[in-house]
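Novice: how would this look folded up:
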Amino acid sequence: MSRRRRITWTLGGVLGPGAHAWIDSATLGSLHRAALAHLDPASSAADAGRCRIHRYATWEVFLDSNNAAVLEELGWNDDFATALAALGDPAIEPGRVSADFGIRFLVETARGPVTSALSGPLRQAGRRVAVGDWVGLYPELAQIRHVLPHRTAIRRNAPGTEAHEQVLAANIDVVLLASAVGPDFNPRRIERLLTVAYQSGGAPVVLLTKADLDEVLPYERQLAAIVPAVPVVAVSGLRGDGIQELRAYLLRGKTAVLIGSSGVGKSTLINHLLGAESLPTGEVHRSGQGRHTTSHRQLIKLPGGSMIIDTPGLREVQIWAGGDTLGVAFADIDDLARRCRFTDCRHRQEPGCAVIAAEAVGALDTSRLTNYRKLQGELRAIEVRADIRLRLEERRKWKVIHRAVRKGNKG
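Specialist: Numbering: from 1, shown residues only. Coordinates of the predicted model:
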């Protein structure tokens, strides 16, 4: 049962000194909501108020309701506020990571952007921070002390032989899958990206970029066959085609992430959304392929109050664990699999396999089935490697414990 605190605040004469209310400690991180709820509805000074929050036992916090509005525009909500309050550290302030420069990060706070680094304990624990993460930091020390849990995240298997999760973008609402028309268009790559999008928890939207270079209808027909339930928007960063349709998915306070191969026109598209040449872009080669320009992930505020995370080009994303989403990205194959004679059918040579039967009569594209099997194999390999790594880590942990016990007994 949460304890109740007595909250006292003064708001530039709107309430007068000594006005107070009771509030559950679980909502401590969103006190500006309680403060505004007690204001005179006719007062126009509410947004300019300064809320003084006093907990008699140990600490005081000052929260400006204008600053609270800044955080909400960055995607702050009650869930993050509760997570921050649960840390029990009154000195920390919330912020959202907007750029990753390796060992340093740009963090957007209510006070403005702050360049910060991970605290020693976080570095020692191997804690990683991704663009889009909400963190608790000490602004005066430019130090990130806590990383709040992700709500959603774009994840991939990090390069290497072992299975390690790498978060590319955190707390995203929409996943924009960019693929340029022309010779580089690859439905199999879109299927892979779609699997990653479903694993993230965000809503996928496919963008056919550089729509000014070719007729888009043939590409839209191909996409309708493999992603029938996913919105497809044809856009041109140069001419502005489809920009208004795209804005319908970019809502105030929500975050989109833009992923795709190098040179598909991501930076040009973001510049058009910004209405300015803020990001460097590359020229299109005569082959139709663009050139890589984005060098690091960054969160960008767009006109209208939405945000977008730009990412460096990804030729191929190594998917992370989560085989259940494969059935969503390949819903047609998943539906066929339910009709197989055996529930554990692997769709290879088993008798009564509905998937193989559909391929044989041309109802299922062979390359799509091949890609499904490839992704399925990758997911199994990740699970096996992750299991081995966890067992090795557990073994190392117990070796350290036994060594410490033996040392203690000798002493």
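
Novice: hey, let's count contacts and neighbours off CA atoms from now on
Specialist: OK.

Novice: so Glu93 sits against Ala142, correct?
Specialist: No: contact criterion CA atoms under 8 Å: Glu93 and Ala142 do not qualify, at 11.0 Å.

Novice: low-confidence ranges in the stretch 301-411 of the chain?
Specialist: Applying pLDDT under 70 to the stretch 301-411 of the chain flags the ranges 313-318, 320-323, 385-395, 397, 401-402, 404-405, 407-411.

Novice: need the helices for it, in chain order.
Specialist: 326-329, 331-337, 354-360, 366-410 (DSSP state H, counting those that start in this stretch).

Novice: from the contact counts, what lies against the second one?
Specialist: Under the contact definition 3 or more CA pairs under 8 Å, 6 or more residues apart in numbering; DSSP states H and E, helix 331-337 sits against helix 326-329, helix 354-360.

Novice: select, out of the ones you listed, the one closest to Leu336.
Specialist: helix 354-360 (5.5 Å; CA to CA).

Novice: quick one: buried residues of that closest one?
Specialist: Ala354, Val355, Ile356, Ala357 (16 or more other CA atoms under 10 Å).

Novice: including distance to Pro218, could those go into JSON lines?
Specialist: Shown next, in JSON lines, are these (distance: CA to CA, whole Å):
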{"residue": "Ala354", "distance to Pro218": "29"}
{"residue": "Val355", "distance to Pro218": "26"}
{"residue": "Ile356", "distance to Pro218": "27"}
{"residue": "Ala357", "distance to Pro218": "27"}
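
Novice: ok, and what's touching stretch 174-181?
Specialist: Applying CA atoms under 8 Å, 6 or more residues apart in numbering, the contact partners of stretch 174-181 are 185-186, 190, 193-194, 197, 202-211, 213-214, 216, 219, 249-250, 255-261, 264-266.

Novice: with stretch 238-248 instead?
Specialist: So stretch 238-248 is in contact with Lys210, Ala211, Asp212, Val233, Ala234, Val235, Ser236, Thr268, Leu269, His272, Leu273, going by CA under 8 Å, 6+ apart.

Novice: inside strands: which ones of these?
Specialist: Val233, Ala234 (DSSP state E).

Novice: widest-spaced pair of the contacts of stretch 238-248?
Specialist: Asp212 and Leu273 (16.8 Å).

Novice: neighbour count winner among those two?
Specialist: Leu273 (20 against 16; other CA atoms under 10 Å).

Novice: for the more buried one, which residues are in contact?
Specialist: Contacts of Leu273 (CA under 8 Å, 6+ apart): Ile243, Leu302, Pro303.

Novice: any idea how many residues pack against the second one?
Specialist: Going back to what we said before, that points to Leu302. Counted with other CA under 10 Å, Leu302 comes out at 19.

Novice: same check on the last one?
Specialist: A total of 13 residues lie near Pro303 under the criterion other CA under 10 Å.

Novice: so it sits against Asn271, correct?
Specialist: No: using CA under 8 Å, Pro303 is not in contact with Asn271, being 11.3 Å away.

Novice: from the contacts of stretch 174-181, list just the buried residues.
Specialist: Buried among those (16+ other CA under 10 Å): 190, 193-194, 197, 202-211, 216, 219, 249-250, 255-261, 264-266.

Novice: residues near the closest residue in space to Ile356 that isn't next to it in sequence, how many?
Specialist: Distances taken as CA to CA, 6 or more residues apart in numbering place His347 nearest to Ile356, at 6.2 Å, with adjacent residues excluded. Residues contacting His347 under the criterion other CA under 10 Å number 19.

Novice: pLDDT score assigned to the residue lying closest to Leu302 once chain neighbours are set aside?
Specialist: Counting by CA to CA, 6+ apart, Leu302 lies nearest to Leu274, which is 5.8 Å off, once chain neighbours are set aside. With respect to pLDDT, Leu274 has a value of 90.

Novice: and Leu274, how far from Glu245?
Specialist: Distance, Leu274 to Glu245, by CA to CA, to the nearest Å: 15 Å.
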